[in-house]
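Asker: I'll drop the sequence and a predicted model, then ask my questions.
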Amino acid sequence: MSEVKVNEDLVKERQKCSFDVEELIHLVDGGKHNTLERKKIEQYVLSIKELKDEVPEEYLSHKERYENSVRKGCILFMVLMKGILERKPSRNDGISYNYKIINGVIKDITPFMLHFGMFLPTLASQASPEQQQEWLKKGIQMIGTYAQTELGHGTFLRGLETTATYDADTEEFVIHSPKVTSYKWWPGGLAQTVNHCIVMAQLYTKGKNHGIHPFLVQIRDIETHMPLPGIKVGDIGPKLGFQTANNGFLGFDNYRIPRMNMLMKNSQVLKDGTYVKAKNDKLTYGTMVFVRVTIVADVAYELARAATIAVRYAAVRHQSKPKPNEPEPQILDYVTQQHKLFIAVATSHAFRTVGRWLWSTYTKVIADMRHGNMDQLPELHALACCLKAVCSKDASTCVEQCRFACGGHGYMQSSNLPIIYGIVTATVTYEGEHTVMLLQTARYLVKAYKQASEGKSLTPTVAYMTKYLKSGSHYWQNTPEGIIGGFQAVATGKIKEACESLFQHVKSGKDYEDAWNLSSVRLINASEAHARAVLCEMFWKEIQRISTTVSPSLAIVLTQLAELYLNYWALEKRGDMLMYSTITKEDISSLQRRYEELLALIRPNAVGIVDAFDIRDEILCSTLGAYDGRVYERLMEEAMKSPLNKEPVNQSFHKYIKPLLIQAKL
Ligand SMILES: CC/C=C\C/C=C\C/C=C\C/C=C\C/C=C\C/C=C\CCC(=O)SCCNC(=O)CCNC(=O)[C@H](O)C(C)(C)COP(=O)(O)OP(=O)(O)OC[C@H]1O[C@@H](n2cnc3c(N)ncnc32)[C@H](O)[C@@H]1OP(=O)(O)O
Ligand SMILES: Cc1cc2nc3c(=O)[nH]c(=O)nc-3n(C[C@H](O)[C@H](O)[C@H](O)COP(=O)(O)OP(=O)(O)OC[C@H]3O[C@@H](n4cnc5c(N)ncnc54)[C@H](O)[C@@H]3O)c2cc1C
């Protein structure tokens, strides 16, 4: 086979890289061992011929596209089941390259995503040990999803309308959807893929409502896959993205399930209908905390895909002639282009790093909870909510920026940037809508503020408040630590103002809820500022720690990326810094100069840094971002796959255009 020629610009870019790309690859993967494991899996899965598409997904109809994604999803399912790779999909450090291989199999979202992402985790965390044993026996017979959201309610879970009424005579629950707004709406895979669901429903026993609880419900026959009597299920139709996720609707007509199908690890209904309350009623929401935590590292990975595409393209693309006697420069040499792209690269590193820290915090808290200690759950919930909210939104903005940075070609489906955007922007809404998540964190911040005002000590992630409430302001310094202090001072100032507004409204006679609503813009700003303080501190600290363990040349690159991230956000939030710290106009000018220096320092390594995300072409799925940089050839090759190019004249000419031309002549 003849070697594919790599684009000369990319060859040059790679030659000038000042650090060992392999070393950064290992770091990104979380160790050399993980890199080797990932590569083994990729090599195995991506060489399965049946997983390659003859026709690009986007030319298929909604139905064909779904069927193709089930076909490929099942092949992958079999691979995982056979244990060829000796490991089941896992989420080490909150990010699993095992399941990320899915991006190389299905461009959009697999209809099995919710099976692995929420159905199995809910069984693992909310079913009793006996139930787990029983259901594990059924194993792969069950393909499931997580059916919580309804047409009428997604955010307000206490408002869900599906009922599960216990009938002690038959020892069954009757699941029912009383009206159209109580239909489940959205769950991935629900429409045609799954045969089971975790259904969140209002529990009634002995005539009393006990709030929402999880139930394992079979909705289709295992053999025929026909919907069972009493079940109405279907597809909700096309969406902005997630076209192959098979999101569905589901209604119940007095549908009966055995008593033991209520997930009983936390609360129970006894045979006679007696309700046994959980230690903490928020344990029912446990799977959501888990997914929110994993979203931080998940969006880091999707952002790495987008940044790899856009940076490689920017190295290959030449445009404009600023100097008449010189060739058109690479667009990557335009500082505005670097400004658009390097923050995307740095943000991916920030979210992966903070995502790992969040994951280890999560596993520690869960371990404590297993021993009955729930003390750290509120802090974990507050942290997961604001980080999920800010990381999903920032990642969407960065992916969109990467698309803009690719000009017109970025708008092509074949660039894959539109699909990646569809995947990432969904995370802003699902698993807790952005604003709603920020408001959850705000509840915690208000409590922390009250405690701090009473001189009480605070939990670690909000402890900074004590210092800045005392000092009133932050003495600015143009150093990473100075910037982090600035973010903490901004967060403290905004929390204080939001609380004062809230308390003032209450004092003036408003209900707490109305006062909360009136102060809510300040509350979400405070929450966002808190998330930024956490992100900056944790990213910087971790990069400093890592830098002592890697080669000096890599330490320099990592430090530049972390510093760029801090400077970018300090400049973006300069207005806040002016309000809550002693920063001066001169300090801001100097920050700007340093930011521009950092862009220039990162520029020679830009391609090397995205190469170190080590995302194979089959997983990037992009005409613009492939390793060899054959951008124009690929764009043309992909265009030629358009079914419209299969014939010189389309039948619509004879049917419609020609009669129109004839009419026009008359
Ligand atoms: C072959 C294939 C191979 C490989 C497989 C491929 C891929 C699969 C693998 C992985 C996939 C990866 C990841 C993705 C997985 C799935 C994600 C995809 C789709 C998304 C699915 C969903 O969207 S599911 C639905 C999510 N829904 C929500 O998030 C709803 C949001 N609403 C709420 O959470 C609540 O209603 C609320 C928090 C807004 C309010 O709740 P409530 O009214 O009950 O509470 P209060 O406001 O009154 O608060 C009471 C106190 O409780 C605290 N609280 C609230 N929530 C929690 C919690 N979760 N934990 C702890 N504490 C909580 C709250 O803060 C209050 O405390 P106070 O002290 O202030 O009173
Ligand atoms: C791609 C995708 C996949 C999904 N997959 C699943 C799934 O598998 N299973 C599942 O159960 N669900 C799923 N969902 C549903 C998802 O979890 C909900 O859409 C999400 O939680 C938001 O709820 P909502 O749609 O009711 O929005 P709403 O709550 O109606 O939000 C609408 C607007 O109202 C605002 N708002 C609402 N409440 C408040 C408040 N208290 N204070 C201030 N503002 C408020 C919001 O900020 C938002 O701007 C999915 C959604 C998407 C988009």
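Answerer: Here it is on my side, so go on. Ligands and ions are numbered 1, 2, ... in the order given.
Asker: so Lys138 is in which element?
Answerer: In the assignment (DSSP states H and E), Lys138 maps to helix 129-138.
Asker: could you give me the buried positions within that helix?
Answerer: 131-132, 135 (16 or more other CB atoms under 10 Å). Just so you know, the C-beta spots here come from the backbone N, C-alpha and C atoms, and that holds for glycine as well.
Asker: which secondary structure elements does it contact?
Answerer: Contact partners of helix 129-138 among helices and strands, from 3 or more CB pairs under 8 Å, 6 or more residues apart in numbering; DSSP states H and E: helix 120-126.
Asker: which of the buried residues of helix 129-138 sits closest to ligand 2?
Answerer: Distance to ligand 2 across the buried residues of helix 129-138 (CB to the nearest ligand atom) is lowest for Trp135, with 19.6 Å.
Asker: show me what counts as buried in the lengthiest helix in the chain.
Answerer: Longest helix of the chain, by residue count under DSSP state H: helix 335-370. Buried residues in helix 335-370, counting neighbours by 16+ other CB under 10 Å, are found at 337-338, 340-359, 361-362, 365-366, 369.
Asker: settle this for me: Met264 is touching Pro129, isn't it.
Answerer: No - taking contacts as CB atoms under 8 Å, Met264 lies outside contact range of Pro129: 10.0 Å.
Asker: residues in contact with whatever residue of the stretch 551-666 of the chain ends up closest to ligand 1?
Answerer: Using CB to the nearest ligand atom, Ile619 is the residue of the stretch 551-666 of the chain that sits closest to ligand 1, at 13.2 Å. Shown in contact with Ile619 (CB atoms under 8 Å, 6 or more residues apart in numbering): 42, 46, 100-101, 103-104, 305.
Asker: near ligand 1, which residues of the protein?
Answerer: By CB under 6 Å from any ligand atom, the residues of the chain that approach ligand 1 are 73, 76-77, 89, 99, 102, 110, 112-114, 116-118, 146, 148-149, 155-158, 188, 282, 285, 288-289, 291, 294, 298, 377-378, 381, 430-432, 436, 440, 443.
Asker: any idea which element the residue of the stretch 551-666 of the chain closest to ligand 1 lies in?
Answerer: Ile619 belongs to helix 617-620, assigned by DSSP H and E.
Asker: sorry, back to before: any idea which of the contacts of Ile619 is the one closest to ligand 2?
Answerer: Nearest member of the contacts of Ile619 to ligand 2, counting by CB to the nearest ligand atom, is Asn103, at 16.4 Å.
Asker: which residues sit in contact with Pro56?
Answerer: Contacts for Pro56 (CB under 8 Å, 6+ apart) come out as 413-414, 638, 641.
Asker: which of those residues count as buried?
Answerer: Using 16+ other CB under 10 Å, the buried ones in the contacts of Pro56 are 413-414, 638.
Asker: filter those down to the ones in helices?
Answerer: Reading helices off the buried ones among the contacts of Pro56 with DSSP H, I get Glu638.
Asker: with pLDDT added, can I get the buried ones among the contacts of Pro56 in TSV?
Answerer: Formatted as TSV, these follow (pLDDT from 0 to 100):
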residue	pLDDT
Gln413	97
Ser414	97
Glu638	96
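Asker: which of the buried ones among the contacts of Pro56 come close to ligand 2?
Answerer: Among these, no residue lies close to ligand 2 (CB under 6 Å from any ligand atom).
Asker: just the buried ones among the contacts of Pro56 now: which is nearest ligand 2?
Answerer: Nearest to ligand 2 among the buried ones among the contacts of Pro56, with distances taken as CB to the nearest ligand atom, is Gln413, at 18.5 Å.
Asker: tell me the spacing between that closest one and Lys388.
Answerer: Going from Gln413 to Lys388 by CB to CB, to the nearest Å gives 28 Å.
Asker: so whichever residue of the stretch 151-300 of the chain sits closest to ligand 2: helix, strand or coil?
Answerer: Relative to ligand 2, the nearest point of the stretch 151-300 of the chain is Gly154 (2.4 Å; CB to the nearest ligand atom). When classified by DSSP: H, G, I helix; E, B strand; the rest coil, Gly154 comes out as coil.
Asker: in this structure it contacts Glu433, no?
Answerer: Yes - the pair Gly154 and Glu433 passes the contact test of CB under 8 Å, sitting 7.3 Å apart.
Asker: neighbour count for these two, which is higher?
Answerer: Counting neighbours by other CB atoms under 10 Å for Gly154 and for Glu433 shows that Gly154 has the greater number, 18 against 14.
Asker: need the contact list for the residue of the chain found nearest ligand 1.
Answerer: Nearest residue of the chain to ligand 1, counting by CB to the nearest ligand atom: Gly117, 2.5 Å away. Gly117 makes contact with 146, 188, 291 under the criterion CB under 8 Å, 6+ apart.
Asker: related to what we said a few turns ago, mind checking which of the residues of the chain next to ligand 1 are in strands?
Answerer: Residues of the residues of the chain next to ligand 1 located in strands (DSSP state E): Tyr146.
Asker: just the buried members of the residues of the chain next to ligand 1?
Answerer: 73, 76-77, 89, 99, 102, 110, 112-114, 116-118, 146, 148-149, 157, 188, 285, 288-289, 291, 294, 298, 377-378, 381, 430-432, 440, 443.
Asker: what about ligand 2: which of those residues touch it?
Answerer: Under the cut-off given by CB under 6 Å from any ligand atom, ligand 2 has 114, 146, 148-149, 188, 430-432 from these close to it.
Asker: got JSON lines for these, with pLDDT and distance to Ser520 too?
Answerer: Output for these, formatted as JSON lines (pLDDT from 0 to 100; distance: CB to CB, whole Å):
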{"residue": "Leu114", "pLDDT": "97", "distance to Ser520": "31"}
{"residue": "Tyr146", "pLDDT": "98", "distance to Ser520": "28"}
{"residue": "Gln148", "pLDDT": "98", "distance to Ser520": "24"}
{"residue": "Thr149", "pLDDT": "98", "distance to Ser520": "22"}
{"residue": "Gly188", "pLDDT": "98", "distance to Ser520": "30"}
{"residue": "Tyr430", "pLDDT": "98", "distance to Ser520": "22"}
{"residue": "Glu431", "pLDDT": "98", "distance to Ser520": "21"}
{"residue": "Gly432", "pLDDT": "98", "distance to Ser520": "16"}
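Asker: so in the chain, where's the weakest helix or strand by average pLDDT?
Answerer: Every helix and strand in the chain was compared by mean pLDDT, DSSP states H and E; the lowest is helix 97-100, with a mean of 60.
Asker: could you pull out the helices for the stretch 301-450 of the chain?
Answerer: For the stretch 301-450 of the chain, the helices defined by DSSP state H, counting those that start in this stretch cover 335-370, 377-405, 417-429, 434-453.
Asker: show me what the first one is packed up against.
Answerer: Where contact means 3+ CB pairs under 8 Å, 6+ apart, helix 335-370 is packed against helix 286-316, helix 377-405, helix 520-547, helix 552-572, helix 585-602, helix 606-611.
Asker: can you tell me which of those helices is packed in deepest?
Answerer: Greatest average neighbour count among the helices and strands packed on helix 335-370 goes to helix 286-316 (a mean of 26), per mean count of other CB atoms under 10 Å.
Asker: still on that earlier bit, per-residue confidence at the residue of the chain closest to ligand 1?
Answerer: Looking at Gly117, its pLDDT stands at 94.
Asker: separation between it and Pro187?
Answerer: 11 Å.
Asker: mutual contacts of those two, please.
Answerer: Residues touching both Gly117 and Pro187 (CB under 8 Å, 6+ apart): Tyr146.
Asker: in JSON lines, list the contacts of Pro56 along with distance to Lys658.
Answerer: Shown next, in JSON lines, are those (distance: CB to CB, whole Å):
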{"residue": "Gln413", "distance to Lys658": "30"}
{"residue": "Ser414", "distance to Lys658": "31"}
{"residue": "Glu638", "distance to Lys658": "30"}
{"residue": "Lys641", "distance to Lys658": "27"}
